[in-house]
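Asks: no sequence on hand, only this structure:
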Ligand SMILES: [Fe+2]
Ligand SMILES: [Fe+2]
């Protein structure tokens, strides 16, 4: 079975990037694959771009499977309707273009079951070692402000400290003031400005992992092997290497959750895991399982063609 996979197209209707998206869609169509898998972040900023991106990919002749990414849930300004977009709008948009959103349930094709969901982050992939010596950091709460800007406020009880003293819960505020030699800088996780689950992130990651487990159970004996699909990074081994850039080190907390990978490993035969969100295409084995970051975000990244043995 041949699978063509992409992630992180980040399509934006008003940009001049459409020729690149069209070229990727053409490469997907011509890949001569049996199944198309889209692992999230079709759109740069949610809205109509999700459907427009899926419409471009709808020329692929064969089963078309997708999970959304965080950017597919984005709205310009509050009030946010994140849960409704995830549960209602995106499955409808997917269906409109002949895609099955795996979050709705597993799909069995021949002898292979595709299980999947977007997943979420739980800050456990955060960089624990300080990017540089002598940095001081203070968590800061980020919320949408006027005219799609950000508004900042102090986190009750948060004090200036060292990077090593940061805990998972500090990342829930979605912002970090850091200071080295120069003036203070602020790192922001932009999901805070464009979506709101009204639920804590760690709990969300657990729910998504449970969803994968339930899908694996539902497949039962209907397939001899399982392909897992998530948007967020499912194994800690796949997190970026330690970085000296404090802003990038901050973003590591939002990479994904190892709970997703643990749930997938409960499949009797996990043949492949496809994911995205890191924006760095890579195929590597983790705990004996082939994993593929299907990013097409970089200029030189195109669709990945993955072959499962017959
Ligand atoms: Fe992305
Ligand atoms: Fe993402």
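Replies: Arrived safely, thanks for sending. Fair warning: this is a prediction, and the values are worked out from it, not measured in the lab. Ligands and ions are numbered 1, 2, ... in the order given.
Asks: name the residues of the stretch 1-150 of the chain found near ligand 1, please.
Replies: 8, 41 (CB under 5 Å from the ion). No exception for glycine: its C-beta is placed from N, CA and C like everyone else's.
Asks: could you confirm residue 220 falls within a strand?
Replies: No - secondary structure assignment places residue 220 outside any strand; it is helix (DSSP: H, G, I helix; E, B strand; the rest coil).
Asks: how many residues are close by it?
Replies: 9 (other CB atoms under 10 Å).
Asks: what separation do you get for residue 86 and ligand 2?
Replies: For residue 86, the distance to ligand 2 (CB to the ion, to the nearest Å) stands at 14 Å.
Asks: what pLDDT does that residue get?
Replies: Note on residue 86: pLDDT of 98.
Asks: so, low pLDDT: which residues of the stretch 1-150 of the chain?
Replies: Where the stretch 1-150 of the chain drops to pLDDT under 70, the residues are 17, 148.
Asks: mind listing the strands for the stretch 151-300 of the chain?
Replies: Assigned by DSSP state E, counting those that start in this stretch, the stretch 151-300 of the chain shows strands spanning 161-162, 175-179, 185-188, 225-230, 270-275, 282-286, 289-293.
Asks: tell me which of the ones you listed sits most buried.
Replies: Ranked by mean neighbour count under mean count of other CB atoms under 10 Å, the strands of the stretch 151-300 of the chain are led by strand 225-230, which reaches a mean of 28.
Asks: give the rounded mean pLDDT of it.
Replies: For strand 225-230, the per-residue pLDDT averages 98.
Asks: what's it packed up against?
Replies: When contacts are defined as 3 or more CB pairs under 8 Å, 6 or more residues apart in numbering; DSSP states H and E, strand 225-230 sits against strand 35-39, strand 64-67, strand 112-117, helix 201-219, helix 258-264, strand 270-275.
Asks: and stretch 297-310, end to end?
Replies: 30 Å (CA to CA, to the nearest Å).
Asks: touching ligand 1 at all, that stretch?
Replies: No - on the criterion CB under 5 Å from the ion, stretch 297-310 is out of touch with ligand 1, staying 6.2 Å away.
Asks: could you give the mean pLDDT of that stretch?
Replies: 95.
Asks: just to revisit the earlier point, out of the helices and strands packed on strand 225-230, nearest to residue 154?
Replies: Residue 154 lies closest, by CB to CB, to one member of the helices and strands packed on strand 225-230: helix 201-219, at 20.4 Å.
Asks: now for that closest one, which elements pack on it?
Replies: In terms of contacts (3+ CB pairs under 8 Å, 6+ apart), helix 201-219 is packed against strand 112-117, strand 225-230, helix 258-264.
Asks: out of the ones you listed, nearest to ligand 2?
Replies: strand 225-230 (10.7 Å; CB to the ion).
Asks: direction included, what does that closest one pair up with?
Replies: strand 112-117 (parallel), strand 270-275 (parallel) (DSSP bridges).
Asks: for those, which one sits closest to residue 224?
Replies: Evaluated over these, closeness to residue 224 peaks at strand 112-117, with 7.6 Å, by CB to CB.
Asks: distance from the chain centre to that closest one, please.
Replies: 16 Å (CA atoms, centre = their mean, to the nearest Å).
Asks: and the contacts of that strand?
Replies: For strand 112-117, contacts defined as CB atoms under 8 Å, 6 or more residues apart in numbering pick out 1, 35, 37, 65, 67, 102-103, 106-108, 208, 211-212, 215-216, 219, 222-230, 264, 267, 271, 308.
Asks: now, of the residues you listed, which are buried?
Replies: 1, 35, 37, 65, 67, 102-103, 106-107, 208, 211-212, 215-216, 219, 223, 225-230, 264, 267, 271, 308 (16 or more other CB atoms under 10 Å).
Asks: residue ranges of the helices in the stretch 51-200 of the chain, please?
Replies: Applying DSSP state H, counting those that start in this stretch to the stretch 51-200 of the chain gives helices spanning 82-84, 90-96, 191-194.
Asks: tell me which residues in the longest one are buried?
Replies: The reference is to helix 90-96. Per 16+ other CB under 10 Å, helix 90-96 contains these buried residues: 90, 91, 93, 94.
Asks: distance of the closest residue to the first one other than its chain neighbours relative to ligand 1?
Replies: What it means is residue 90. The shortest distance from residue 90 to any non-neighbouring residue, by CB to CB, 6 or more residues apart in numbering, is to residue 68 (5.1 Å). Separation of residue 68 from ligand 1 (CB to the ion) stands at 11 Å.
Asks: my read: residue 68 touches residue 40, true?
Replies: Yes - with contact defined as CB atoms under 8 Å, residue 68 and residue 40 form a contacting pair (5.5 Å).
Asks: list residues touching both of these two?
Replies: Common contacts of residue 68 and residue 40 (CB under 8 Å, 6+ apart): 118, 231.
Asks: just the element for residue 309, please.
Replies: Assigned by DSSP states H and E, residue 309 belongs to no helix or strand.
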